[in-house]
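**Q** Just need the structure, nothing else, for what follows:
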Amino acid sequence: MSLEPVEKLMADARRGGYAIGYFESWNLESLQGVLDAAEAVSAPIILGFNGEFLCHAGRRAAERLALYGALGKAAAESSPMPCGLIFNECPDDSWVLAAAECGFNLVMPADPQAPYDDYLRRVKRIVEFSHQRRVAVEAELDELPCGASGRVEGEAALTDPARAERFVRETGVDLLAVSVGNVHIRTSGEQALNLDHLAVLADRVRVPLVLHGGSGISANSLKEAIRLGVAKVNYGTYVKQRYLAAVRAAIAANPSNPHELLGLGGKYDVMVAGRLAVRAAVLERIEMLGCCGKAR
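**A** Have a look, this model is predicted:
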C-alpha cells in the first residue's frame, strides 16, 4: 500500500475513537520490526525517523536524508497496512523542507529554544511549502521535561489553550503536540497526565492532538487521553531499550563465525534479534491505543 494521507489517518482515528502510534525507527531492522507488529494486529501505523538526531552536528558521518525518505516510503509500499511517514522533531528548517520533498508525508519542525513569534513564523512558512506538496505538518507548543538521566528534569510548562488555539489558526498546522504532564525520554517509570488540562485543550484546538513521550504515560491516562481526542502517540525510548538488550544478548553468545552475527538470519544474528525485539516492544503497547483491527 502506498503512503496514506496523514489527514485521513487522523480523521479515521478521531472518528473511530482510537490513536495511531508513531514507533520511532533508526535503521532497517527497527523499521521492519514496527511493520511486523502493525501487520500482526492489523493496525494503521506511523513510520519515521528522528530529525533532530539525523541533522545533529555531532554525528560522525553525515546522513543522506533522501535514503531515509526512500526507505520509509518503500516500507509503506511493501505493507498492506495504512502507513504515514514522519520526519520527526527537527530544529533545522532546511532539513524539514527537504524532507517534505523526499518521501515523507508528515514533517515536524520543533525548536523548543526558539522564541514563540519566531517559531510561529517559521512553522507558517513550512506549512505553506509542505501543503503545496501534499505533506502534513505537526508542530509543538511548550517543551516537555526530560527523563534521560533517570530523573524528571526541567519545567513542566503546560500548553496554554488560548495560545494553542491561536497558533493553530495562524499557522494552519495539521497536528499539534502538547505538554500535559508527559515526559521526553523517560527511561523508567510512568506518570499520569493532567487530563483536566488536556480536556480544555481538546475543546479549544480543532486539529488532532499528539502526545510525545508515550513510553512514560500510564495506561489509564493514555486511555482517557484518547477518549478526549488525542489521535497520535509517540514512542521511542522503551523501543530502543528493548532493541539494545536483544542485540547485546545476541553478541554475548559470541559465535566464531561472523556471518552468524551479521546476515545469516539465525538465532545469533543481531539484526534479526533487534527486529524481533522491536516487534515485541510495539506489540506490548499498541493495543492500548485502540487501533488494532482498524486497518482497512
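**Q** how about the strands in the stretch 51-200 of the chain?
**A** Per DSSP state E, counting those that start in this stretch, the stretch 51-200 of the chain carries strands over the ranges 83-90, 106-109, 136-140, 175-177.
**Q** Kindly reformat the ones you listed as TSV containing mean neighbour count.
**A** Every C-beta, even on glycine, is put in place using the N, C-alpha and C of the backbone. Compiled in TSV, the strands of the stretch 51-200 of the chain are given as follows (neighbours: other C-beta atoms under 10 Å):
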stretch	mean neighbour count
strand 83-90	27
strand 106-109	29
strand 136-140	26
strand 175-177	23
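**Q** Is it possible to get a markdown table of those that adds distance to residue 120 and mean pLDDT?
**A** Output for those, formatted as a markdown table (distance: least, C-beta to C-beta, whole Å; pLDDT from 0 to 100):
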| stretch | distance to residue 120 | mean pLDDT |
| --- | --- | --- |
| strand 83-90 | 17 | 97 |
| strand 106-109 | 11 | 98 |
| strand 136-140 | 9 | 97 |
| strand 175-177 | 12 | 97 |
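**Q** now these in JSON lines, with distance to residue 241?
**A** Below are those laid out as JSON lines (distance: least, C-beta to C-beta, whole Å):
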{"stretch": "strand 83-90", "distance to residue 241": "18"}
{"stretch": "strand 106-109", "distance to residue 241": "23"}
{"stretch": "strand 136-140", "distance to residue 241": "23"}
{"stretch": "strand 175-177", "distance to residue 241": "22"}
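**Q** mind checking the backbone torsions on residue 173?
**A** Dihedral angles of residue 173 (phi, psi; degrees, to the nearest 10) stand at phi -60, psi 160.
**Q** Spit out the contact partners of the closest residue to it other than its chain neighbours.
**A** In space, and not counting its chain neighbours, residue 173 is closest to residue 139: 4.5 Å by C-beta to C-beta, 6 or more residues apart in numbering. Neighbour list for residue 139: 108, 109, 110, 119, 123, 167, 171, 173, 175, 176, 177 [criterion: C-beta atoms under 8 Å, 6 or more residues apart in numbering].
**Q** And the second one, how close does it get to residue 281?
**A** If I follow you right, that is residue 109. 28 Å (C-beta to C-beta, to the nearest Å).
**Q** which one of the strands of the stretch 51-200 of the chain lies closest to residue 160?
**A** Of all these, strand 175-177 sits nearest to residue 160, with 12.0 Å by C-beta to C-beta.
**Q** Give me the distance between the closest one and the centre of its chain.
**A** Relative to the chain's own centre, strand 175-177 is displaced by 12 Å; criterion: C-alpha atoms, centre = their mean, to the nearest Å.
**Q** Neighbouring strands - and their directions - for that strand?
**A** Strand 175-177 sits in its sheet next to strand 136-140 (parallel), strand 209-211 (parallel), going by DSSP bridges.
**Q** pLDDT averaged over the shortest one - what is it?
**A** For strand 209-211, mean pLDDT rounds to 96.
**Q** which residues make contact with that strand from outside it?
**A** Defining contact as C-beta under 8 Å, 6+ apart, one finds that strand 209-211 is touched by 138, 140, 175-178, 180, 182, 193, 198, 201-202, 217, 222, 225, 229-234.
**Q** Can you give the distance from it to the centre of its chain?
**A** For strand 209-211, the distance to the chain centre is 10 Å (C-alpha atoms, centre = their mean).
**Q** How about the longest one?
**A** Strand 136-140 has its average C-alpha position 12 Å from the chain's average C-alpha position, going by C-alpha atoms, centre = their mean.
**Q** orientation of it relative to strand 83-90 in degrees?
**A** Angle between the axes of strand 136-140 and strand 83-90 is 40 degrees (criterion: axes from the mean of the first three to the mean of the last three C-alpha atoms, to 10 degrees).
**Q** Put the alpha carbons of strand 136-140 into CSV.
**A** Provided in CSV are the C-alpha atoms of strand 136-140 (Å, rounded to 0.1, in the frame of the first residue of the first chain):
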residue,chain,number,x,y,z
ALA,A,136,1.1,17.4,6.5
VAL,A,137,2.8,19.3,9.3
GLU,A,138,2.9,18.7,13.0
ALA,A,139,4.1,21.3,15.4
GLU,A,140,4.5,21.5,19.2
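**Q** For residue 142, give its distance to residue 42.
**A** In terms of C-beta to C-beta, residue 142 sits 35 Å off from residue 42.
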